[in-house]
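Enquirer: model this:
(chains A, B, C and D)
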Protein chains: 2
Amino acid sequence: MLRLTKKADYGLMALKYLAEQSEPDARNAGARSAKDIAEAYHIPPQLLAKILQTLARAGMLVSHAGTNGGYALARSAADISAFEVIRAIDGPLFITSCITIHGACDLAGHCTIKEPLRKVNDSITDLLSGISIADLMEPADRTADHALAGGLVSIAR
Amino acid sequence: MLRLTKKADYGLMALKYLAEQSEPDARNAGARSAKDIAEAYHIPPQLLAKILQTLARAGMLVSHAGTNGGYALARSAADISAFEVIRAIDGPLFITSCITIHGACDLAGHCTIKEPLRKVNDSITDLLSGISIADLMEPADRTADHALAGGLVSIAR
DNA sequence: CGATCTCCGACCACTTTGGTCTTGCTTCCC
DNA sequence: GGGAAGCAAGACCAAAGTGGTCGGAGATCG
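Expert: Down below sits the predicted model:
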């Protein structure tokens, strides 16, 4: 269905939340517990915890255990792309099922449509790569226009 | 995982096959049985049959029962977009799970990332809408370049 | 008219996803 | 140093969606 999973959704929301919280001041190093984030968005705490762990393992977040611990962005919000997040959570994304990591189609010579679709796949990848967590924080309208017209992709209607 | 299902893959392949077969001459009105197409691509015949039924119901194919019957394109290959096919088979595609047909997010006010992602969603929709079955038939390299550079989307690397 | 071919709709099994529970480890505060 | 707060990591479960199969209904042609 060409949709990204709820987990990826949650991950993006959490990153955006962390980016917002850590920005205004460095009062508490921007560390927020998984529970806090989960409550802010009304999502299952334990599920979010697992997602945050994944992102921490992928190097996008740093975790701090113990009292007053939590998660914080490992990098600047502008340096984390939506594609990176989705890839970390949902795994490598391939638009067609016949495109494997080896680039070989399981239908060998029969599948003749994979090449054009691979181009589409690349386009989507590029599109998502050009959108950072920082972009998500901007006012809705400006955000997309910025991301789309800001040098990466332009759509001609 | 942002992937389209095998069914959609099969559907696109079948449409491409029908477009190719019906093009050179109108010997048999371009009608091909589901079994023929399935054998050509080595995919389960009955599964393909179901997919073709769906496409027929969506108005992209016309079916003809009985001996020497089969399916044929209802329109020109250039008038059928990849998006239309995917939408018919996999249902409406929404990149985020919180974007419903009503446009309302199930997390009410909490979900703050849906607006930027909706733009991404629209971009992908436009991208797929600009690719027709006819485009799939062209030589691989020219195809994507044509579809991408041919007025719809341009990628700046 | 009837045999055969093809479409058509319901049905079933498996994988993936979303979500929960349990256990253990690390850090901070008293 | 002991306990509480919080992360880490694993198994586990239920629901949904996907991939695939089966038997019947209807049309065509000899």
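
Enquirer: give me every residue that touches A:Leu61.
Expert: A:15, A:18, A:52, A:55, A:71-74 (CB atoms under 8 Å, 6 or more residues apart in numbering or on different chains). For glycine as for every other residue, the C-beta is placed from the backbone atoms N, C-alpha and C.

Enquirer: Report the separation between A:Tyr10 and DNA strand C.
Expert: Using CB to the nearest atom of the strand, to the nearest Å, one obtains 7 Å as the distance from A:Tyr10 to DNA strand C.

Enquirer: now A:Ala78
Expert: Using CB to the nearest atom of the strand, one gets 27 Å for the distance from A:Ala78 to DNA strand C.

Enquirer: Same check on A:Ala82?
Expert: If you go by CB to the nearest atom of the strand, the gap between A:Ala82 and DNA strand C works out to 16 Å.

Enquirer: Please list all residues in contact with the closest residue to that residue other than its chain neighbours.
Expert: Distances taken as CB to CB, 6 or more residues apart in numbering or on different chains put A:Ile131 closest to A:Ala82, at 4.5 Å, once the chain neighbours are dropped. A:Ile131 is in contact with A:81-83, A:147, B:116, B:120, counting by CB under 8 Å, 6+ apart.

Enquirer: Is it possible to get JSON lines of the residues you listed that adds neighbour count, pLDDT and secondary structure?
Expert: Converted to JSON lines, those look like this (neighbours: other CB atoms under 10 Å in any protein chain shown; pLDDT from 0 to 100; DSSP: H, G, I helix; E, B strand; the rest coil):
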{"residue": "A:Ser81", "neighbour count": "17", "pLDDT": "94", "secondary structure": "strand"}
{"residue": "A:Ala82", "neighbour count": "26", "pLDDT": "93", "secondary structure": "helix"}
{"residue": "A:Phe83", "neighbour count": "19", "pLDDT": "92", "secondary structure": "helix"}
{"residue": "A:Ala147", "neighbour count": "24", "pLDDT": "46", "secondary structure": "helix"}
{"residue": "B:Pro116", "neighbour count": "26", "pLDDT": "79", "secondary structure": "helix"}
{"residue": "B:Val120", "neighbour count": "22", "pLDDT": "84", "secondary structure": "helix"}
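
Enquirer: Throw those residues into a markdown table and include distance to DNA strand D, thanks.
Expert: Formatted as a markdown table, the contacts of A:Ile131 follow (distance: CB to the nearest atom of the strand, whole Å):
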| residue | distance to DNA strand D |
| --- | --- |
| A:Ser81 | 22 |
| A:Ala82 | 21 |
| A:Phe83 | 22 |
| A:Ala147 | 27 |
| B:Pro116 | 24 |
| B:Val120 | 19 |
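
Enquirer: And these, which is closest to A:Tyr41?
Expert: Nearest to A:Tyr41 among the contacts of A:Ile131: B:Pro116, at 16.0 Å, using CB to CB.
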